[in-house]
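Enquirer: Need coordinates for the below:
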Amino acid sequence: MPFLQARNDAVNKHPAPPTIDYPLTTRGSSWLYSVCSIYGAATLITIALSYIAKQNERIFHRIFTIAYLVGTVAYFAMGSNVGYLDALQPHQVDDNGDNRQMFWVKYVLWAVDFPLVSTALGIASGISWAEILYNVALAWTWIICYLIGTVIGDEYRWALYALGTLAWLLLAENTLVRGTQAAGRVGIKGDYLILAGWANLMWFLYALGYGLTDAGNVIRVTPSFIWFGITDLLLMLGVGFGIIVVFAPRWDYGKLNLFFTQYGRVAVQEGNFPEKDTANNGTQQAAAPAV
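Expert: You can find the predicted model right below:
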């Protein structure tokens, strides 16, 4: 991308310390800005779609608006070559003595996006709020373990890698097995299985990618961002727009019990909601026997 490279001066404006042997390159920065642009476009599209959707059918729009907005911020920061760990810390020296530039920003992104994906899947499937919170906690545990492993950097990081991956396996079991069972009860088993299967396939690629990049240093910094950039987009756009555009428009929100988003926190007298009263009156009139 010569045009982008000619105008992208981020790695010169924010140069990595000279002690880093494999820093982010200008090509890598340009790629990260490209992913940032896609996230930004997804944010605007999702916001626009939320105005088209019915008021009581915007819960998924809200979830993925936050996810895409955080992705835009994170990729802008990484493309600007900021948000990484100090190369002088011992965790950034691999077994061959090479210093690796470790970006903590991507872990912040995952700590936001993965719980949001699991929450969206949980809301769609109809599992209990306790199970949804359990899935969120598992996603946080997974990412925190990987981040700690990145910070310590020596051979102990593989123990953190194993523990974090175990948290993902528990998350996969809950989303694929229990979530699918619950989705079957509300009539969207097929749709849910596609979404949960896709999410867990991408999550597997994250676990594999972490072992090859920040943990194993087999893949260098710029190629690692190609891996994670593609995976981020496939996960977030696939699940987000899969729900909002493809599947949710044909779901029965009443059967999914998602009408808790309809009335909001409004000022009412004695707990009376005018919309509910109107709906109840209409139901009573329809049920009244003819004279």
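Enquirer: Please, where are all the helices along the stretch 101-250 of the chain?
Expert: For the stretch 101-250 of the chain, applying DSSP state H, counting those that start in this stretch gives helices covering 105-125, 129-152, 157-173, 179-185, 189-210, 221-241.
Enquirer: Let me know the pLDDT of L85.
Expert: pLDDT recorded at L85 is 77.
Enquirer: Next: P223.
Expert: With respect to pLDDT, P223 has a value of 91.
Enquirer: Y68: which of the helices of the stretch 101-250 of the chain is closest?
Expert: Nearest of the helices of the stretch 101-250 of the chain to Y68, taken as Cβ to Cβ: helix 221-241 at 6.8 Å. (Each C-beta comes from the backbone N, C-alpha and C, glycine too.)
Enquirer: Which neighbouring elements make contact with the closest one?
Expert: Under the contact definition 3 or more Cβ pairs under 8 Å, 6 or more residues apart in numbering; DSSP states H and E, helix 221-241 sits against helix 26-52, helix 59-79, helix 105-125, helix 189-210.
Enquirer: For those helices, give me TSV that also has distance to G240 and mean neighbour count.
Expert: Compiled in TSV, the helices and strands packed on helix 221-241 are given as follows (distance: least, Cβ to Cβ, whole Å; neighbours: other Cβ atoms under 10 Å):
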stretch	distance to G240	mean neighbour count
helix 26-52	7	18
helix 59-79	4	22
helix 105-125	8	23
helix 189-210	10	19
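Enquirer: Just tell me which of the ones you listed ends up closest to N12.
Expert: For N12, the closest of the helices and strands packed on helix 221-241 is helix 26-52, at 8.2 Å, according to Cβ to Cβ.
Enquirer: still on that earlier bit, the helices of the stretch 101-250 of the chain: which one's closest to R250?
Expert: Nearest of these to R250, taken as Cβ to Cβ: helix 189-210 at 8.2 Å.
Enquirer: Let's see the pLDDT reported for the nearest residue to G122 once chain neighbours are set aside.
Expert: Nearest residue to G122, sequence neighbours excluded (Cβ to Cβ, 6 or more residues apart in numbering): I132, at 3.7 Å. Per-residue pLDDT puts I132 at 94.
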